[in-house]
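S.K.: Take this sequence and fold it.
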Amino acid sequence: RSVMADDSELVGSGSFRIDRRRALEKLKEFQLPDPEMFLLPWIRCAVASGATYVALDLDTSTIKFNGRPFTREEFADPYGCLFEEAAPERARNRQLAYALLATLGRGIQTITVTTGPDRDRLQFTVKSLTEQSLESLPVDPESEGSPVDTVISLEWSFFRLAPFAYRDEEGEFCLPDSVQ
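M.R.: Numbering: from 1, shown residues only. Below you'll find the predicted structure:
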């Protein structure tokens with residue numbers, strides 16, 4: 001035991017560990033005050049990437065922006081920056097992590113981020129906090145040399161849309177055009 005300068009007495013010291021998986025689950029649940037705002041972190045991510053435009057296509061559930069593409073290293077541990085001291089040069093990575101968490105919290109089945117120039121084009125796929133993959137994409141001769149955009153594609157779970165589903169004359173489940 002030691003006595004501090006202000007007559008406080010130190011009775012012990014140590015450290016503790018955080019269960020990363022549980023912390024991410026909690027962050028996913030309570031990311032935004034309104035879950036309907038899940039696109040906001042994607043827009044912040046685009047701005048932090050230096051984007052001069054952001055395009056949202058609600059028909060195809062895609063978000064597209066220009067700016068600095070993501071790297072293999074950034075996708076290796078997309079949530080790691082949340083457990084480090086905040087640094088200005090990692091602001092974009094924090095927005096990516098927040099965007100992934102907010103989107104996973106919306107019942108999205110798959111998030112696919114396609115990014116990078118022709119020869120280094122990457123596709124990062126996220127299905128859950130623990131299920132993700134990263135692959136290099138083959139060069140597409142038709143798009144070679146065209147502007148490089150980062151494209152986020154969202155695949156909604158059918159069950160998320162189930163309240164809107166109906167059966168057609170043949171008994172098949174369908175979604176109204178306004179929901180598809």
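S.K.: so what secondary structure elements neighbour the host helix or strand of residue 113?
M.R.: For residue 113, the element it lies in under DSSP states H and E is strand 108-115. In this structure, strand 108-115 packs against helix 91-104, strand 122-126, strand 150-156, with contacts taken as 3 or more CB pairs under 8 Å, 6 or more residues apart in numbering; DSSP states H and E. The way it works is simple: take the backbone N, C-alpha and C, and place the C-beta from them, glycine included.
S.K.: Buried residues of the first one, list them for me.
M.R.: Spelled out, that is helix 91-104. The neighbour-count check on helix 91-104 (16 or more other CB atoms under 10 Å) flags 91-104 as buried.
S.K.: Need the nearest residue in space to residue 121, chain neighbours excluded.
M.R.: Using CB to CB, 6 or more residues apart in numbering and skipping residues adjacent in sequence, the residue nearest residue 121 is residue 137, 4.2 Å away.
S.K.: tell me the contacts of the one you found?
M.R.: By CB atoms under 8 Å, 6 or more residues apart in numbering, the residues touching residue 137 are 114, 121-123.
S.K.: Check what pLDDT it gets.
M.R.: Residue 137 is assigned a pLDDT of 90 by the prediction.
S.K.: Next: residue 30.
M.R.: pLDDT, residue 30: 68.
S.K.: Helix, strand, or coil at residue 81?
M.R.: helix (DSSP: H, G, I helix; E, B strand; the rest coil).
S.K.: Double-check residue 66 against residue 47; I have them as touching.
M.R.: No: between residue 66 and residue 47 there is no contact under CB atoms under 8 Å: 11.4 Å.
S.K.: Determine the number of other residues adjacent to residue 54.
M.R.: For residue 54, the count of nearby residues is 18 (other CB atoms under 10 Å).
S.K.: tell me the contacts of it?
M.R.: Residue 54 neighbours (CB under 8 Å, 6+ apart): 43, 46-47, 63-65.
S.K.: Check residue 65 too.
M.R.: Residue 65 neighbours (CB under 8 Å, 6+ apart): 46, 49, 51, 53-55, 149-150.
S.K.: Among the contacts of residue 54, find me the one that's closest to residue 84.
M.R.: Nearest to residue 84, judged by CB to CB, of these is residue 47 at 21.2 Å.
S.K.: how close does the closest one sit to residue 68?
M.R.: Using CB to CB, to the nearest Å, residue 47 is found at 11 Å from residue 68.
S.K.: So for the two, which sits in the more crowded spot?
M.R.: Neighbour count, other CB under 10 Å: between residue 47 and residue 68, residue 47 has more, with 16 against 13.
S.K.: farthest residue from the center of this structure?
M.R.: residue 7 (48.2 Å; CA atoms, centre = their mean).
S.K.: Looking at the contacts of residue 65, spot the one nearest residue 127.
M.R.: Once CB to CB is applied, the member of the contacts of residue 65 that ends up nearest residue 127 is residue 150, at 19.2 Å.
S.K.: Lovely, talk soon.
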